[in-house]
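**Student:** Next comes the sequence, and after it the predicted model I'd like to discuss.
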Number of protein chains: 4
Amino acid sequence: MSERRSVLVVLVDRANYGRLKPVMRAIAEHPDLELRVACAGTMVLERFDQPARIVREDGFPVDAEIYLELEGSSPLTMAKSLGFAMIEFSGEFQRSKPDVVLIIGDRYEALAAAIAAAYMNIPVFHMQGGEVSVSIDESARHAITKFAHFHFPATERAAEFLVRMGERPDSILGVGCPSGDLAFSLDSRLTDAVVNGRGAGAHIDVHRPFLLVVFHPTTTEYGGERAQVPELLEALDALALPTLLLWPNIDAGADHISKTIRTFRVSRGQTWLRTLTNLTPENYLKVLANAACAVGNSSSFVRDASFLGTPVVLVGSRQEGRETAAHVTAVPPKRHAIVDAVHRQLGHGRYPPSTLYGDGSVSKRVADALARLTPYVQKRLAYVTGGSPSE
Amino acid sequence: MSERRSVLVVLVDRANYGRLKPVMRAIAEHPDLELRVACAGTMVLERFDQPARIVREDGFPVDAEIYLELEGSSPLTMAKSLGFAMIEFSGEFQRSKPDVVLIIGDRYEALAAAIAAAYMNIPVFHMQGGEVSVSIDESARHAITKFAHFHFPATERAAEFLVRMGERPDSILGVGCPSGDLAFSLDSRLTDAVVNGRGAGAHIDVHRPFLLVVFHPTTTEYGGERAQVPELLEALDALALPTLLLWPNIDAGADHISKTIRTFRVSRGQTWLRTLTNLTPENYLKVLANAACAVGNSSSFVRDASFLGTPVVLVGSRQEGRETAAHVTAVPPKRHAIVDAVHRQLGHGRYPPSTLYGDGSVSKRVADALARLTPYVQKRLAYVTGGSPSE
Amino acid sequence: MSERRSVLVVLVDRANYGRLKPVMRAIAEHPDLELRVACAGTMVLERFDQPARIVREDGFPVDAEIYLELEGSSPLTMAKSLGFAMIEFSGEFQRSKPDVVLIIGDRYEALAAAIAAAYMNIPVFHMQGGEVSVSIDESARHAITKFAHFHFPATERAAEFLVRMGERPDSILGVGCPSGDLAFSLDSRLTDAVVNGRGAGAHIDVHRPFLLVVFHPTTTEYGGERAQVPELLEALDALALPTLLLWPNIDAGADHISKTIRTFRVSRGQTWLRTLTNLTPENYLKVLANAACAVGNSSSFVRDASFLGTPVVLVGSRQEGRETAAHVTAVPPKRHAIVDAVHRQLGHGRYPPSTLYGDGSVSKRVADALARLTPYVQKRLAYVTGGSPSE
Amino acid sequence: MSERRSVLVVLVDRANYGRLKPVMRAIAEHPDLELRVACAGTMVLERFDQPARIVREDGFPVDAEIYLELEGSSPLTMAKSLGFAMIEFSGEFQRSKPDVVLIIGDRYEALAAAIAAAYMNIPVFHMQGGEVSVSIDESARHAITKFAHFHFPATERAAEFLVRMGERPDSILGVGCPSGDLAFSLDSRLTDAVVNGRGAGAHIDVHRPFLLVVFHPTTTEYGGERAQVPELLEALDALALPTLLLWPNIDAGADHISKTIRTFRVSRGQTWLRTLTNLTPENYLKVLANAACAVGNSSSFVRDASFLGTPVVLVGSRQEGRETAAHVTAVPPKRHAIVDAVHRQLGHGRYPPSTLYGDGSVSKRVADALARLTPYVQKRLAYVTGGSPSE
């Protein structure tokens, strides 16, 4: 093949980029591939510190900046943003005409990109399919699977589930999560500036034990976060350990969470609570690697923390159903349960690294899969037909 | 329950209404249910003869008229229309706040409604899931399944496939297609006015053998219709039988099909070809019941014709994978193959009715299922959890 | 200036292109300007024969194809299309980053482009401002004026009106309509193929007297077209002259007009009525130049016909308020009035050319104005400030 | 008239409501009018403290909550939000079918509502037309005028300008700004809780002199706010007076302003700076009435402060061109100029009330005008026709 295959990588939030950065590097370095990048969703928003800037600073092209988030952070605005995203992504695909669109995860912005590409007969390559969780992401993830032409799931179980759901076995081009690639090669030394150079609140001594907290809404329990966040904050207040909190994503309910935290920060926690908006992928992993315990419901605590062995207290239902390594303790969103679990995890200390979600050399395999796949457009439930996806 | 459960039925094209009319009747008559109707897509378009008018004339409420089709009839405009549809449906759901949204089939407009409802935590009741076909509808259908909380598939195989895809068995509330309800109770006598009172072209003698032709685009073969339609038209020209042709739907490629037919109609076929835009559900079935042979790729030829025993020549790949009764002969979109198959079907004559897609008493069961279901919001891939959907 | 100034010309329908073609040529040939072209609205629609193709065949670049027309042709869908247009144009301006956007006329698509550019701080150059007519175009035209930074009106009166409306005199960079440029240099010989090579209906002998008919909706009388079109068609039927009819634009009410014509064409007029979808700018002018009389309400009958001296019967209110040369006779939309006026105009024969709307050398002056203008962003009602627009 | 005329009042921000509250009351109490309210823009956003809640608490109906703000606060997202607004407003007008739409001011959300209504042939009643300012609002205001069928400008000069712009004299139904109605009847006593019960930062002693600061972006100088805000904050820091700052609106550049303030608030100003998100109309006026000096560029400082006699230092170009009473001193956005002007204004003390913008009894006249107007749809530049707007 004399012409390189163009792969449009869709990034819709900071976490996407954290996982795909090594994949983007591998695509950029592959002789048969051409990397293109569309930054959308919170990647371009000032409120989220414009992570697209970091993509550029890391030397990647940013071919499109797509604004698609309707303000409101409610189920209604999430649905409208999804529709708007589809309009904007399809416009970008019309102009860019990529050979393949690469999508990761289960957010509504990613769903929009997958649907737009599939309706425009552009092959979709999906990573992290076949997993199980709570929130509307659970449905979105499997719907993306149903529009994706090629899969690169993170675990063996996820791969098996994809086949059971009717995806052709030969459309699964590999297994593993690239987030491990960064984690396993990480220089985990954390400097004071990374944590205290930005953000607001108490100064955190990075050489003493601290907590890392991330709490996103569970959209299918919309409104429930109004009761859950105070429980979490009360638990943190009772613990009164140095705590670094990252603001939530943009899902329905996030404004409620942010507002509660902002009010709390003023009245209490001034001596131990620091809030941060954004970190580079490497710095995020360093913080996670150095945290004495991670508390909340980010999928990163299930996934990235497994490579690093950081003890995790998983709060509430959001990650229910996901495969977890030994480092995870799940508790309901109740203050005493959270406090007790954090104490237990602090007593236990770090866990050995797990390879449940990948062995640290996934990105190269992803790039090779992208280079060697045979494009096709028409999917079919594999229960009724055999054969290869490209026949 | 003192308050009736409100069910918002989403109708996005003439065929939707043909199938759901008896269900709407059953909902309207059910003491525990309140019927609401949103007409969207081609239902409200003058170019498609505004089938929403017929809904009103049949005595149903039309609570919303949703315009969502961006002109162009290409993969791009289909994707943009889908996004636009999501914006419009979510606005309607915000106002109407229905208890359940009822969706049928696999069109992009239906997909948009399913996603909007699911993201807004409104339970989705889906009919005709689990089937297999070609075109992007194949992916859309399974994606709708992944957002639907309750299923009422048309066949036993479809029900089995839904469970294999990870849907909870107890979320499948019944089996059967309501299109059979109209068909099995049909007074099939066809008058001249139904066929010749509207439309354009040759007069068709309804008491002598005539062909019924419907040919929609297969979006995943976009552009292919430019080659396929002439083959079909050449075949019809060779047959030169009285022929009633219904214009295609609005999918990508439809404009190409319509243009080719329009040009053809002027130069040839003036003595035997009549074109029609729209028929009421009953009149459509009467025409289908009286046709000597149905030619094309409408799913109605697989489904409705099975109840009526009308011989069918299925042209091209669009319905590949669907379960078919004995009345269907599938051929590639090649003129000689079409001509030969029509001759064989005319020689064979009508088939005995089939109950593959329903027994004629489905609508009542659908309404009962809607009345007795226990609403829930959070879905989960059933491979990892048991229990009831409403736990 | 070493870098050329990029001028993005926005074309939203066939008529736009007919007027701007000589301007586009002059921009493309100007050493200090770079021509870019965005085709939007009906320019890209198959139903309107995709006039964008002709732009390409004429050797111009088409940098963007923008689909923005929501089907429905009602006041509601016109308003929604306008909103959609603004979303799409702003996306295109984000990517293209033109130095100036050139807009002509008063259509909603043009209004959308003007607003999007102005809100994005891109200078807007507007042609044909300051005229007076009926329909919502009247308001749209003056609103565009209020967003435009530079004006090139078609007549002296229009220029005067712009100043009276508060536009700075030095923001008016010239006067004249470029449609005259094509008209005054036209080789008006018309061949049979131009008229009969496409379209449908009766064969028109181009060497004998024929009528040219164009009838658009007047959106502020929405619904009124249902009564007006039959009057026009009855008049044509009474005249029974060879008649070439061009389909209406896409404004609210257009579907009613088209439907009425289509029904009429089948039942009557088969011997004298021919319908056409699209003509190149030159061919349109040739047809207009050769018509014995033009009947309807197109602004082209006021403008282009003035250069050519074709007798015009202007039907209804749509052009009320426009300056007209001697060739125009205005009548209400009543059959007898139309018939009488056509007879009078046929009796009169061709008129001498008028330079009311331009002298045939406007395009070069437009390009020069574009090259020499000093960009500015902030407008101000000139009643309160003097000074130059670029201060 | 037996049926009451329905008036849909469009509220797009806190300031809109502050001005229209007495008008809404007068409409609600008028026997011939029916009040409907659509809350859109920042009125429904949690980040702006959802002023729609206050509307409800004040006893008004809120018939629609319209989310239309695309996150980003840039010229691009402002243009896209405008397009989105048009789509959403037209949907609301389709459902509500009001007899008249009442719009105030010059924001893009108001422009969208005016255009949507006009294209849908719904008469538009516009308040505060004919004024002059800077920012894109200047163009938006005059464009709204061109779509409005009836005008109720705030000043005699504004009324005169409307006529000069070609509006029919008899379409101007009255003169005056209803914001004076609240101001002139205000009990201006301010309690501690109003100022210190919400918000963040230093406690403000409301019985001692304090500054009120509001600084919005000037969109046509987009990016310029990055230099201007630090100058303002340095000036405030030099003054070091108790200062109450209200966050800016949502225009392009607002995120830059907010970010700069947030950073500043952490490092300096902790002893004298308090920030607030939202106040009820009455409380806002009380704060303004009690401020020793108002500093910034809100149009409220020109308008509402004129009734109350509060000294104002108007910073930067945003209000250039507006009529001002004696209480206003305008300065460039430079720290020393601001400090000097504040000192001068503090030395001067309060000014006598002005009736430039209204006499305190405007609302009743507005309601009467709404009740007695004769609806019409077709506008025409008055330079060419006389007669009444309803002829």
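**Tutor:** Now that the structure is in, tell me what you want to look at. Residues are numbered from 1 along each chain as shown, chains lettered A, B, ... in the order given.

**Student:** can you list the residues of the stretch 51-200 of chain A near chain C?
**Tutor:** Counting by C-beta under 8 Å from any C-beta of the partner chain, the residues of the stretch 51-200 of chain A close to chain C are A:65, A:87-88, A:91, A:94-95. C-beta coordinates here come from the backbone N, C-alpha and C atoms, glycine included.

**Student:** And the closest residue to chain C within chain A, which helix or strand is it part of?
**Tutor:** Among the residues of chain A, residue A:91 lies closest to chain C, at 5.8 Å counting by C-beta to the nearest C-beta. In the assignment (DSSP states H and E), residue A:91 maps to helix A:75-96.

**Student:** So that helix, near chain B or not?
**Tutor:** Yes. Helix A:75-96 reaches chain B (C-beta under 8 Å from any C-beta) through A:75-76, A:78-80, A:82-91, A:93-94.

**Student:** Send over that helix as CSV, restricted to the C-alpha atoms.
**Tutor:** This file holds the C-alpha atoms of helix A:75-96, laid out as CSV (Å, rounded to 0.1, in the frame of the first residue of the first chain):
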residue,chain,number,x,y,z
PRO,A,75,-30.4,14.4,31.3
LEU,A,76,-32.1,16.7,28.9
THR,A,77,-29.0,18.7,28.0
MET,A,78,-27.0,15.5,27.8
ALA,A,79,-29.4,14.1,25.2
LYS,A,80,-29.3,17.4,23.3
SER,A,81,-25.6,17.5,23.4
LEU,A,82,-25.5,14.0,22.0
GLY,A,83,-27.6,15.1,19.1
PHE,A,84,-25.5,18.1,18.6
ALA,A,85,-22.4,16.0,18.7
MET,A,86,-23.7,13.8,15.9
ILE,A,87,-24.2,16.9,13.7
GLU,A,88,-20.8,18.2,14.4
PHE,A,89,-18.9,14.9,14.1
SER,A,90,-20.6,14.1,10.8
GLY,A,91,-19.5,17.5,9.5
GLU,A,92,-16.0,16.8,10.5
PHE,A,93,-16.1,13.3,8.9
GLN,A,94,-17.4,14.9,5.7
ARG,A,95,-14.4,17.2,5.5
SER,A,96,-11.7,14.8,6.8
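
**Student:** Give me the nearest residue to residue A:280, chain neighbours excluded.
**Tutor:** residue A:54 (5.3 Å; C-beta to C-beta, 6 or more residues apart in numbering or on different chains).

**Student:** Show me what the helix or strand hosting residue A:34 packs onto, helices and strands only.
**Tutor:** Here residue A:34 sits within strand A:33-40, counting by DSSP H and E. If you count contacts as 3 or more C-beta pairs under 8 Å, 6 or more residues apart in numbering or on different chains; DSSP states H and E, strand A:33-40 packs onto strand A:5-11, helix A:14-29, helix A:52-57, strand A:64-66, helix A:75-96, helix A:108-119, helix A:362-372.

**Student:** Adding mean neighbour count and mean pLDDT, write those out as JSON lines.
**Tutor:** Shown next, in JSON lines, are the helices and strands packed on strand A:33-40 (neighbours: other C-beta atoms under 10 Å in any protein chain shown; pLDDT from 0 to 100):
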{"stretch": "strand A:5-11", "mean neighbour count": "25", "mean pLDDT": "98"}
{"stretch": "helix A:14-29", "mean neighbour count": "24", "mean pLDDT": "97"}
{"stretch": "helix A:52-57", "mean neighbour count": "17", "mean pLDDT": "97"}
{"stretch": "strand A:64-66", "mean neighbour count": "23", "mean pLDDT": "98"}
{"stretch": "helix A:75-96", "mean neighbour count": "26", "mean pLDDT": "98"}
{"stretch": "helix A:108-119", "mean neighbour count": "30", "mean pLDDT": "98"}
{"stretch": "helix A:362-372", "mean neighbour count": "20", "mean pLDDT": "98"}
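
**Student:** what would those look like in a markdown table with distance to residue C:130?
**Tutor:** Formatted as a markdown table, the helices and strands packed on strand A:33-40 follow (distance: least, C-beta to C-beta, whole Å):
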| stretch | distance to residue C:130 |
| --- | --- |
| strand A:5-11 | 46 |
| helix A:14-29 | 51 |
| helix A:52-57 | 43 |
| strand A:64-66 | 38 |
| helix A:75-96 | 34 |
| helix A:108-119 | 42 |
| helix A:362-372 | 57 |
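
**Student:** Can you say which of these is nearest to residue C:35?
**Tutor:** helix A:75-96 (19.0 Å; C-beta to C-beta).

**Student:** Name the next helix or strand following that closest one along the chain.
**Tutor:** That would be, after helix A:75-96 and using DSSP H and E, strand A:100-104.

**Student:** Which parts of the stretch 201-350 of chain A are helices?
**Tutor:** Under the criterion DSSP state H, counting those that start in this stretch, the stretch 201-350 of chain A contains helices at A:225-239, A:254-267, A:281-290, A:299-308, A:335-348.

**Student:** doesn't residue A:130 make contact with residue A:157?
**Tutor:** Yes. Taking C-beta atoms under 8 Å as the definition, residue A:157 is a contact partner of residue A:130 at 7.4 Å.

**Student:** residues contacting the residue nearest to residue A:280?
**Tutor:** A:17, A:278, A:280-281 (C-beta atoms under 8 Å, 6 or more residues apart in numbering or on different chains).

**Student:** Tell me the residues on chain A that lie near chain D, please.
**Tutor:** A:44-47, A:67-74, A:76-77, A:80, A:84, A:200, A:255-256, A:259, A:266.

**Student:** Are any of these buried, and if so which?
**Tutor:** A:44-47, A:67-74, A:76-77, A:80, A:84, A:255-256 (16 or more other C-beta atoms under 10 Å in any protein chain shown).

**Student:** Against residue A:23, how distant is residue A:283?
**Tutor:** Distance of residue A:283 to residue A:23, given as C-beta to C-beta, to the nearest Å: 19 Å.

**Student:** can you tell me which residues contact the residue in the stretch 101-250 of chain A that chain D sits nearest to?
**Tutor:** Nearest residue of the stretch 101-250 of chain A to chain D, counting by C-beta to the nearest C-beta: residue A:200, 5.9 Å away. By C-beta under 8 Å, 6+ apart, residue A:200 lies in contact with A:265, A:274-275, D:266.

**Student:** Give me the buried entries from those.
**Tutor:** Counted by 16+ other C-beta under 10 Å, the contacts of residue A:200 give A:265, A:274-275 as buried.

**Student:** from these, which single one is nearest residue D:305?
**Tutor:** residue A:265 (34.1 Å).

**Student:** my read: that closest one touches residue A:272, true?
**Tutor:** No. With contacts counted by C-beta under 8 Å, residue A:265 stays clear of residue A:272, the gap being 10.7 Å.

**Student:** Ignoring the adjacent residues along the chain, who's closest to residue A:9?
**Tutor:** Here the residue nearest residue A:9, using C-beta to C-beta, 6+ apart, is residue A:102, at 4.8 Å.

**Student:** measure residue A:349 to chain D for me?
**Tutor:** Note on residue A:349: its distance to chain D, by C-beta to the nearest C-beta, to the nearest Å, is 35 Å.

**Student:** What is the burial count for that residue?
**Tutor:** 11 (other C-beta atoms under 10 Å in any protein chain shown).
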